[in-house]
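Asks: structure, please.
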Amino acid sequence: MAKEKIQNNTSFENRSKKPIVAAVAVICALSAVLILFLIFKNSLYLTVSQYKTEKQEYAEALECVEGIHTDSAEALALYLKLRIDINENYPVLLTDFNPSIIAGWTESVSAVEAVKHFLNDDIAEEAENLSITLHQVNSCLTQYDHIRGDILSLMDIFAELNRLYTKDANGKNAAFTVMEERIKISSWEQQLSTLINYSNTVPMYENIYLLNYLIKEVEGECVDLKAAMDSVIAMGYKETDLIRLSGTGQKQFPAITNSNNESVNLLQKDRYERFMYEGICKQLAEVLGDFYEV
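Replies: Take a look at the predicted model:
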């Protein structure tokens, strides 16, 4: 009986240990899975984020990599924050263009450029395209600020013939020398060359009507002024002779309607320049439209 009792106890103990062993095995298996998940979690989230980035789901993609402190994740997060900012603020550029927004994006994309080697090839290529476009647009805005004074000075050419026909207090037309006028014309031609060179840096500048119209009319005005000076010399005057034109040959310029249906003409240089600049800004904003995802 004692032997039988010992055997029964042993059998009971064995049965009791089996669930414990099974539970331990399950826990070990789950722990292994958890450890593997923790090891590969960042890679998994990064892959998902890259997939969503390529589908232009930038906000969702950013959620996947925020908090992951790897070079690839941080580089991608930097790029995603820029694309989200562009999506949020691009519509503003179309109605109220602000160069400081472009400057901020250009600074941000430069930071992305510095780490783009941590991005996958497709995203890195898109980041490069965005960088090229933003730097081009920002450069156009910066260059315009540098030549704005020259543009306003260039537009004085349209008032020049009228100035020569303007009578003073004694009823006489303004006095001038051919040399003085030719120096002015030469200066205007240099400023025109600067404007033409600038226009060639603006993407699809041919769509900016007021810019192209200004260039064409300045070219024509230079031809007219040169012809007028040649006519004076042909009458026997020297370049240094002080002379006055006779008559009342005031020149008129047609009104031009801008995209907002506002009227302006070349003699209103401040107003014309402002409208032309708005047209340039609008064109530059449209260039960035390829990077705006609705």
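Asks: Thr177: neighbour count?
Replies: 17 (other Cβ atoms under 10 Å). Just so you know, the C-beta spots here come from the backbone N, C-alpha and C atoms, and that holds for glycine as well.
Asks: was I right about it contacting Thr240?
Replies: Yes. Between Thr177 and Thr240 there is a contact under Cβ atoms under 8 Å: 5.6 Å.
Asks: quick one, strands of the stretch 101-250 of the chain?
Replies: 175-176, 243-244 (DSSP state E, counting those that start in this stretch).
Asks: select, out of the ones you listed, the one closest to Leu210.
Replies: strand 175-176 (29.8 Å; Cβ to Cβ).
Asks: nearest the middle, which residue of this protein would you pick?
Replies: Val137 (3.5 Å; Cα atoms, centre = their mean).
Asks: skipping adjacent residues, who's closest to that residue in space?
Replies: With Cβ to Cβ, 6 or more residues apart in numbering as the measure, Leu284 is the residue that lies nearest to Val137, at 4.7 Å, once sequence neighbours are left out.
Asks: mind telling me what element the one you found is part of?
Replies: Using DSSP states H and E, Leu284 sits in helix 269-287.
Asks: skipping its backbone neighbours, what lies nearest Leu130 in space?
Replies: Leu130 sits nearest to Phe291 (Cβ to Cβ, 6+ apart), 5.4 Å away.
Asks: that older thread, so for Phe253, which of the strands of the stretch 101-250 of the chain sits nearest?
Replies: strand 175-176 (21.2 Å).
Asks: ok so, going back, the residue nearest to Leu130: what's it in contact with?
Replies: Applying Cβ atoms under 8 Å, 6 or more residues apart in numbering, we find Phe291 in contact with 83, 86, 90, 130, 133.
Asks: same thing with Trp105?
Replies: Trp105 is in contact with 82, 85-86, 134, 138, counting by Cβ under 8 Å, 6+ apart.
Asks: apply 6 Å and report the result again.
Replies: Leu134 (Cβ atoms under 6 Å, 6 or more residues apart in numbering).
Asks: now do the one 10 residues further on
Replies: For Val115, the set of contacting residues under the criterion of Cβ under 6 Å, 6+ apart consists of Ala75.
Asks: next one: Ala175
Replies: 242, 244.
Asks: switch the cut-off to 8 Å
Replies: Contacts for Ala175 were tallied using Cβ under 8 Å, 6+ apart; they are 242-244.
Asks: same check on Asn162?
Replies: Asn162 neighbours (Cβ under 8 Å, 6+ apart): 250-251.
Asks: again, 10 Å this time
Replies: With contact set as Cβ atoms under 10 Å, 6 or more residues apart in numbering, Asn162 has these partners: 174, 249-253, 267.
Asks: now those residues as JSON lines including neighbour count, pLDDT and distance to Asp168?
Replies: As requested, the contacts of Asn162 are exported to JSON lines (neighbours: other Cβ atoms under 10 Å; pLDDT from 0 to 100; distance: Cβ to Cβ, whole Å):
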{"residue": "Ala174", "neighbour count": "13", "pLDDT": "92", "distance to Asp168": "7"}
{"residue": "Gly249", "neighbour count": "12", "pLDDT": "73", "distance to Asp168": "16"}
{"residue": "Gln250", "neighbour count": "9", "pLDDT": "79", "distance to Asp168": "15"}
{"residue": "Lys251", "neighbour count": "14", "pLDDT": "85", "distance to Asp168": "19"}
{"residue": "Gln252", "neighbour count": "8", "pLDDT": "87", "distance to Asp168": "22"}
{"residue": "Phe253", "neighbour count": "16", "pLDDT": "91", "distance to Asp168": "24"}
{"residue": "Leu267", "neighbour count": "14", "pLDDT": "95", "distance to Asp168": "20"}
